[in-house]
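Chemist: The following block contains a protein sequence and its predicted model.
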Amino acid sequence: MPTAVTTAAGFDQKFFKKMRKRITYEIHGQIERNSYFRIGKALVRIDFTGGAINSTGVYPAQYSTDNPLFQRAIESSDAFRCGEIKRGRVEVYDDDKKTDASVAEAANKCDIVTEVTNMQQARAYLMAEPYNCPLSQLQNKNSIKSVAMANSVSFPNWL
């Protein structure tokens, strides 16, 4: 009796990696929006957030997911079909246990600070005693991220 599962085409599934897609959906012209999508008999609310209007331009409200159920619900909606919701960035990655183990191993080596929830708190934490980073190195989000990574500090509730 064969132990490997074969598909209808006769290919052995144990040799194929499971690839996942992380898709970012955008709603241009809006800063935030709560949309309702039907998944079977359930009605699911999805929050599009992160949009901004400032002197540098207009940034759309976004929602990112790697859940194929939510992706299908969004892409089968009338708002997606008429172009109100658009597909933004698509990231493809393999769903492998080795990557999860390496992320967990890297997390064990760094300080995880769950109390930090915004940029001001992250800046204050890195300027405090054990790190003593000057304010000139902590001017924006990207510089705070790079200083935190250099000092092996992780802010999971903010970044």
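Modeler: Yep, it's here. Residues are numbered from 1 along each chain as shown.
Chemist: From R22, how far out is the spatially most central residue of the chain?
Modeler: Nearest to the centroid of the C-alpha atoms of the chain, with distances taken as Cα atoms, centre = their mean, sits S64, at 5.8 Å. To R22, S64 is 6 Å away according to Cβ to Cβ, to the nearest Å. All C-beta spots, glycine's among them, are computed from the backbone N, C-alpha and C.
Chemist: and what of S77?
Modeler: Where R22 is concerned, S77 sits at a distance of 19 Å (Cβ to Cβ).
Chemist: what about the helices in this protein?
Modeler: Taking DSSP state H as the criterion, the chain carries its helices at 68-75, 78-81, 97-109, 119-127, 141-150.
Chemist: Run the angle between the last one and helix 119-127 for me.
Modeler: With axes from the mean of the first three to the mean of the last three Cα atoms, to 10 degrees as the basis, helix 141-150 and helix 119-127 are set at 40 degrees to each other.
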